[in-house]
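Novice: Quick one, what's the 3D model for this:
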Amino acid sequence: MRETLTQGLPVLGVDLKYIEALEHFSTILVEKNKVMNLTGITQPREVATLHLLDSLALLPMAPLSGKKIVDVGTGAGFPGVPLKIVLPESHVTLLDSLNKRIDFLHESCDALGLSDVDCAHARAEEFGHREEFDYAVSRAVAALPVLCELCLPLVKVGGEFLAMKSSHTEDEINAAKAAIKLLGGEISEVIDYTIPTTDIVHRVVRIKKTTPTPKKYPRRFAQIKKQPLGQ
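Specialist: Predicted coordinates:
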């Protein structure tokens, strides 16, 4: 893992002084995964690339330093925990609907000595905190129209939602355009990137918040899922 991180972090502009903390989080994750299903990725090189470096690939794409960030559907803490480790001056909220995951994240952040981080047990559509964050980020697997309704209401006007997706998602992006407009956003950029030290290509959809989200959004999740906006 260390060799992979030593090669990959400089590509993303990350100081190598953060390697130990990133390795420590990886160790905590893999150990906890023995008794709790957090990730199917447990081999050291894959944890380094598919979790850590993939999460940190957001850094060259947006000025996240010192900003207020919410990671929606954070799961085992990606991308939020790696971002917090290397951006100690940023305030990060880790949001997830499963309390066991939030307990794990509390324990992990305490063990890592991270401050100015909130581990919040809530569903995104019930979280409140409307238009409080400079950035929402998400690696959640939901389709983009659904993710946008969960994330954009949390972003302040002038902020951005950074949606981390697989490549070849043109149809999904096109399907989300009407929803994004209804929610007060617009797509500013679609960036394909290669995870450092690999040939794996992923994608980030940058969505700028241009106007306030109408109060009626987000809807209840059952309704969001059954009838995504704009479809």
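
Novice: Go through the lengthiest strand in the chain and flag the buried ones.
Specialist: Ordering each strand of the chain by length in residues (DSSP state E) puts strand 155-166 first. Neighbour counts over strand 155-166 (16 or more other CB atoms under 10 Å) mark 155-156, 159-165 as buried. Any C-beta I mention is one placed from the backbone N, CA and C, and that applies to glycine too.

Novice: With adjacent residues omitted, what lies nearest to the residue nearest to the spatial centre of the chain?
Specialist: Residue closest to the mean C-alpha point of the chain, counted by CA atoms, centre = their mean, is Ser138 at 3.1 Å. For Ser138, ignoring the flanking residues on the chain, the nearest one in space by CB to CB, 6 or more residues apart in numbering is Val72 at 4.4 Å.

Novice: Show the contacting residues for that neighbour.
Specialist: 95, 124, 136-138, 140, 147, 150-151, 154 (CB atoms under 8 Å, 6 or more residues apart in numbering).

Novice: helices or strands up against the helix or strand hosting Ala21?
Specialist: Using DSSP states H and E, Ala21 sits in helix 19-32. Judged by 3 or more CB pairs under 8 Å, 6 or more residues apart in numbering; DSSP states H and E, the packing partners of helix 19-32 are helix 2-8, helix 80-86, helix 99-112.

Novice: looking at those, which is buried most?
Specialist: Neighbour counts (mean count of other CB atoms under 10 Å) averaged over each of the helices and strands packed on helix 19-32 peak at helix 80-86, with a mean of 25.

Novice: Which SSE is immediately downstream of that helix?
Specialist: Going down the chain from helix 80-86, the next helix or strand is strand 91-96, by DSSP H and E.

Novice: Can you give the distance from that following strand to the centre of its chain?
Specialist: Offset of strand 91-96 from its chain centre (CA atoms, centre = their mean, to the nearest Å): 9 Å.

Novice: May I see the buried residues of it?
Specialist: For strand 91-96, by 16+ other CB under 10 Å, it's 91-96.

Novice: Cys148 looks like it's in a strand, true?
Specialist: No. Assessed with DSSP: H, G, I helix; E, B strand; the rest coil, Cys148 is helix; it does not lie in a strand.

Novice: which of the buried residues of strand 155-166 sit farthest apart?
Specialist: Longest distance between any two of the buried residues of strand 155-166 is 22.9 Å, between Lys156 and Lys165; criterion CB to CB.

Novice: Now do the SS call for Ala175.
Specialist: With three-state DSSP as the basis, Ala175 sits in helix.

Novice: Which residues lie in contact with it in this structure?
Specialist: By CB under 8 Å, 6+ apart, the contact list for Ala175 reads 143-145, 228, 230-231.

Novice: ok, now His121?
Specialist: 96-99, 102.

Novice: Just read off the phi/psi values of it.
Specialist: Note on His121: its backbone torsions stand at phi -90, psi 100 [degrees, to the nearest 10].

Novice: tell me which residues form a beta bridge with it?
Specialist: Asp96 (DSSP bridges).

Novice: Please renumber the chain so that the first residue is 33 from this point on.
Specialist: OK, 33 is where the count begins now, so the last one is His153.

Novice: No further questions, thank you.
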